[in-house]
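Q: Pasted the sequence and its predicted model underneath.
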Amino acid sequence: MAAVARDLNIGTELLWRWERRVAEKGEEHLYDIGEREPDPKAQEKRRASKQQRRITELERLVGRQQLEIRFLAKALRRVEELRPRKNDDGAAASSKR
């Protein structure tokens with residue numbers, strides 16, 4: 001810790017506080033360290049960026065689900081094509097030997 005603090009030219013106490021903050025609240029809570037007043041524009045930009053990442057993640061998920069739906073629909077059609085047809089009396093047709 002001391003070597004890192006020296007490299008960054010900061011006190012070890014400050015570095016310990018940062019480490020504790022990350023452990024307790026997560027890395028995203030470090031971004032406003034050192035700011036006397038939170039910058040509303042920076043906060044809004046981070047929030048918009050986080051929302052855009054979430055939208056992108058959800059779009060990928062929807063795309064994967066669409067692929068699965070198409071695959072399953074195609075598989076169901078194929079199973080129905082291969083299923084033996086019923087006779088007029090409602091009984092299943094006998095299989096060909």
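A: Thanks, I have it. Residues are numbered from 1 along each chain as shown.

Q: which residues touch residue 2?
A: For residue 2, the contacting residues are residue 12, by Cβ atoms under 8 Å, 6 or more residues apart in numbering. Heads up, the C-betas are built off the backbone N, CA and C, glycines and all.

Q: if I look at residue 83, how far off is residue 77?
A: When distance is defined by Cβ to Cβ, to the nearest Å, residue 83 is 11 Å away from residue 77.

Q: scratch that, residue 29 is what I was asking about
A: Separation of residue 29 from residue 77 (Cβ to Cβ): 52 Å.

Q: ditto for residue 13
A: 68 Å.

Q: and residue 20, how many neighbours does it have?
A: Counted with other Cβ atoms under 10 Å, the neighbours of residue 20 add up to 10.

Q: And residue 5, by the same measure?
A: 15.

Q: Now name the helix or strand holding it.
A: Following DSSP states H and E, one finds residue 5 within helix 2-8.

Q: Can I get that helix as CSV, trimmed to CA atoms?
A: Taking C-alpha atoms only, helix 2-8 is exported to CSV below (Å, rounded to 0.1, in the frame of the first residue of the first chain):
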residue,chain,number,x,y,z
ALA,A,2,2.8,2.4,0.9
ALA,A,3,4.5,1.9,-2.4
VAL,A,4,1.3,2.5,-4.4
ALA,A,5,0.7,5.7,-2.3
ARG,A,6,4.2,6.9,-3.0
ASP,A,7,3.8,6.2,-6.8
LEU,A,8,0.5,8.2,-6.8
